[in-house]
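Student: Structural data only, the sequence is not supplied:
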């Protein structure tokens, strides 16, 4: 049974949540606390899978509580349920909270947010890597892009298009910004899939505060993983994203689905970024296995860690509240037969990852993955491979021509 802890200093709010979610008592062991101190006492006495807290409470505010939880029990999923939308409150919760749910919310909204976050845990449940992922509050950014961004934001009149362009060139920055803009932190009522739109809606002042004061992006020293290139990873992910979107358009998918395909392609290897930055010693061992034994990246990761970048990336995006199609595509892009069928973001991510590797080899030590022909046969898509490969070759020729 999943244990959920709700924290709010208003007893009437807690009673309302208890009534709204009474039909979940068969699945959830629910606990209620009226203060941060009481919440910590409960968590000291038993394991808590998800904590959902208000922000403004006397004594210890919600941001402070979640920061303590992140340090003491990093595997716990951390959510904010609050009616306070002023920026100071938002900034306190941006780093320690996985998700933000605004008050008032329906029972279905609260249930859905918790259930979706819990669902992705099963892929790495009980694994020590889970604590590493759950304790992340930022992701590594390319140093040159991070410096370009901070330099632009320190100008008296930053160019919003330049800010969008720089963020779009980095996997970690893109993921973090889209997580924030699509949460209830800022109250936008529709799904935002464009980074330029995200930056425009938030505005330069909020972006500047988030980056320069709250530090939602940060630099990591990856020199201790000499075989890992953040720049090459970004090039591969961006190439896969562009190709995935074009495959979606070619197959007649909707505009919204094509946007999901793009971001699934962009984030499909985000787990590598997490593992290399957080577990450098283990990732050096993984890279050594790849070089010496000719293993695929996924096989080497499983041998060393017991899980792979796909499950790690899917778990991170899942607890961050990304759409199910994107989470599924990232989690299963090497094993699509384990997921739902139908032409979707998973299909384009699986195919674009392989095609981009095949036609743009940046590391000859990598043993390239192959198509899941069983999956493609199930979808009756094997006859589309020639057209997809032709599209991929054309894209590579176009990129090479642009580079001169």
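Tutor: Received the coordinates, thanks. Since the structure is predicted, the reported quantities are computational estimates derived from the model, not experimental observations.

Student: who are the neighbours in contact with residue 191?
Tutor: 182, 256, 323 (C-beta atoms under 8 Å, 6 or more residues apart in numbering). (Each C-beta comes from the backbone N, C-alpha and C, glycine too.)

Student: which one among those residues gets closest to residue 302?
Tutor: Residue 302 has its nearest neighbour among the contacts of residue 191 in residue 323, at 26.5 Å by C-beta to C-beta.

Student: Report pLDDT for that closest one.
Tutor: Note for residue 323: predicted pLDDT of 89.

Student: check which helix or strand covers the closest residue to it other than its chain neighbours.
Tutor: Residue nearest to residue 323 in three dimensions, not counting chain neighbours: residue 260, with 6.2 Å by C-beta to C-beta, 6 or more residues apart in numbering. Applying DSSP states H and E as the criterion places residue 260 in helix 255-267.

Student: pLDDT at residue 126, what is it?
Tutor: pLDDT at residue 126 comes out at 62.

Student: Please apply the same query to residue 187.
Tutor: For residue 187, pLDDT reads 61.

Student: What of residue 190?
Tutor: pLDDT for residue 190: 64.

Student: Tell me if I'm right that residue 369 and residue 298 touch.
Tutor: Yes - Residue 369 lies in contact with residue 298 (C-beta atoms under 8 Å); the separation is 7.3 Å.

Student: Can you pull the residues that touch both of these two?
Tutor: Residues touching both residue 369 and residue 298 (C-beta under 8 Å, 6+ apart): residue 334.

Student: Between these two, which is the more surrounded one?
Tutor: The neighbour comparison of residue 369 against residue 298 (other C-beta atoms under 10 Å) goes to residue 298, with 20 against 17.

Student: and the more buried one, how far is that from residue 304?
Tutor: Going from residue 298 to residue 304 by C-beta to C-beta, to the nearest Å gives 11 Å.

Student: Sort out which residues of the helix or strand hosting residue 328 are buried, please.
Tutor: Following DSSP H and E, one finds residue 328 within helix 324-332. With burial defined by 16 or more other C-beta atoms under 10 Å, the residues of helix 324-332 counted as buried are 325-332.

Student: Can you tell me which of these is nearest residue 26?
Tutor: Nearest member of the buried residues of helix 324-332 to residue 26, counting by C-beta to C-beta, is residue 327, at 25.5 Å.

Student: just checking, the closest one touches residue 120?
Tutor: Yes - applying C-beta under 8 Å, one finds residue 327 in contact with residue 120, separated by 6.2 Å.

Student: OK, contacts around residue 50?
Tutor: By C-beta under 8 Å, 6+ apart, residue 50 lies in contact with 2-5, 76-79, 114, 117-118.

Student: Across the sheet, point out what pairs with it.
Tutor: residue 4, residue 77 (DSSP bridges).

Student: Looking at this protein, which helix is longest?
Tutor: helix 230-250 (DSSP state H).

Student: What angle do helix 255-267 and that one make with each other?
Tutor: If you take axes from the mean of the first three to the mean of the last three C-alpha atoms, to 10 degrees, helix 230-250 sits at 160 degrees to helix 255-267.

Student: Spell out which helix or strand contains the closest residue to residue 324 other than its chain neighbours, please.
Tutor: Take residue 324 and drop its neighbours on the chain: the residue closest to it by C-beta to C-beta, 6+ apart is residue 116, 6.9 Å away. Per DSSP H and E: residue 116 is located in helix 107-119.

Student: Residue ranges in this structure under the pLDDT threshold?
Tutor: 84-86, 89, 125-127, 184-190, 220, 361-366, 397-404 (pLDDT under 70).

Student: okay, which residue is most central for it?
Tutor: Centroid check for the chain by C-alpha atoms, centre = their mean gives residue 317 as the closest residue, at 2.7 Å.

Student: ok, now how distant is that one from residue 339?
Tutor: Relative to residue 339, and taking C-beta to C-beta, residue 317 is found at 14 Å.

Student: and if you look at residue 395?
Tutor: Distance from residue 395 to residue 339, by C-beta to C-beta: 25 Å.

Student: What of residue 11?
Tutor: 43 Å.

Student: Which one of the two is surrounded by more residues?
Tutor: residue 339 (18 against 10).

Student: That one contacts residue 346, correct?
Tutor: Yes - counting by C-beta under 8 Å, residue 339 does reach residue 346; the two are 5.5 Å apart.

Student: residues shared between the contacts of the two?
Tutor: 328, 332.

Student: Domain map for the chain?
Tutor: Split into domains by automatic domain parsing, the chain comes to 2-123, 143-213, 230-403.

Student: between the ones you listed, which gets nearest to residue 137?
Tutor: Comparing the domains of the chain under C-beta to C-beta, the one sitting nearest is domain 2-123, at 4.0 Å.

Student: circling back to that earlier point, sort out which of the contacts of residue 191 are buried, if you could.
Tutor: If you count burial by 16+ other C-beta under 10 Å, the buried members of the contacts of residue 191 come out as 182, 323.

Student: any idea which of the contacts of residue 191 is closest to residue 138?
Tutor: residue 182 (17.6 Å).

Student: thinking the closest one is in contact with residue 321, fair?
Tutor: Yes - between residue 182 and residue 321 there is a contact under C-beta under 8 Å: 7.1 Å.

Student: Residue 313 - that's part of a helix, no?
Tutor: Yes - counting by DSSP: H, G, I helix; E, B strand; the rest coil, residue 313 is part of a helix.

Student: Looks like it contacts residue 270 (just checking).
Tutor: Yes - if you go by C-beta under 8 Å, residue 313 and residue 270 touch, sitting 4.3 Å apart.

Student: shared neighbours, those two?
Tutor: Shared contacts of residue 313 and residue 270, counting by C-beta under 8 Å, 6+ apart, come down to residue 330.

Student: With neighbour numbers in mind, choose between those two.
Tutor: Comparing residue 313 with residue 270 by other C-beta under 10 Å, the one with more neighbours is residue 313, at 27 against 24.

Student: ok, and the closest non-adjacent residue to that one?
Tutor: Nearest to residue 313 is residue 271, by C-beta to C-beta, 6+ apart, at 3.2 Å.

Student: what helix or strand is that neighbour on?
Tutor: Per DSSP H and E: helix 270-278 holds residue 271.

Student: got the angle for that helix vs helix 324-332?
Tutor: In terms of direction (the same axes, to 10 degrees), helix 270-278 departs from helix 324-332 by 60 degrees.
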